[in-house]
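In: kindly generate the corresponding structure for this input.
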Amino acid sequence: MTIIQRTVVVLIGTQLAASAVILFIFDLNSYNHFSDSFSWHHFLNKLIGGFSFYLFSAGLFLLLIGMCAPRRKKKRISVHEKENSLK
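Out: Sure, this is the predicted structure:
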């Protein structure tokens, strides 16, 4: 991947993850978290499998690809061509 492709993939992954966090906050606000019976475990079980969870997973996957993908190797010009070699 070129540096421009990597930058684009990282930016898209960041946007997806950020929008998923905002959706998590909206889900938390829609869930009655001020009640005495609120449980993070129950809330997270409700969120897993939802749209925001998969959006966050896709964002993290794109961030991982953008950060860890190897660079494209440059073509190296050989200095020692057959025509230029000493005989």
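
In: list the buried residues in stretch 2-15.
Out: Residues of stretch 2-15 classed as buried: Arg6, Val9, Val10, Gly13 (neighbour count, 16 or more other C-beta atoms under 10 Å). Every C-beta, even on glycine, is put in place using the N, C-alpha and C of the backbone.

In: give me the contacts around that stretch.
Out: 1, 58-67, 69, 71-72 (C-beta atoms under 8 Å, 6 or more residues apart in numbering).

In: at 10 Å what do you get?
Out: The contact list for stretch 2-15, computed with C-beta atoms under 10 Å, 6 or more residues apart in numbering, reads 1, 58-69, 71-72.

In: same question, stretch 32-44
Out: Counting by C-beta under 10 Å, 6+ apart, Phe24, Asp27, Leu28, Tyr31, Asn45, Phe53 sit against stretch 32-44.

In: out of the buried residues of stretch 2-15, list just those in helices.
Out: Arg6, Val9, Val10, Gly13 (DSSP state H).

In: can you list the residues you listed in a markdown table and add distance to Ser19 and pLDDT?
Out: Formatted as a markdown table, those follow (distance: C-beta to C-beta, whole Å; pLDDT from 0 to 100):
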| residue | distance to Ser19 | pLDDT |
| --- | --- | --- |
| Arg6 | 21 | 90 |
| Val9 | 16 | 92 |
| Val10 | 15 | 92 |
| Gly13 | 11 | 94 |
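
In: let's have those in a markdown table, adding distance to His41.
Out: Output for those, formatted as a markdown table (distance: C-beta to C-beta, whole Å):
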| residue | distance to His41 |
| --- | --- |
| Arg6 | 37 |
| Val9 | 34 |
| Val10 | 32 |
| Gly13 | 28 |
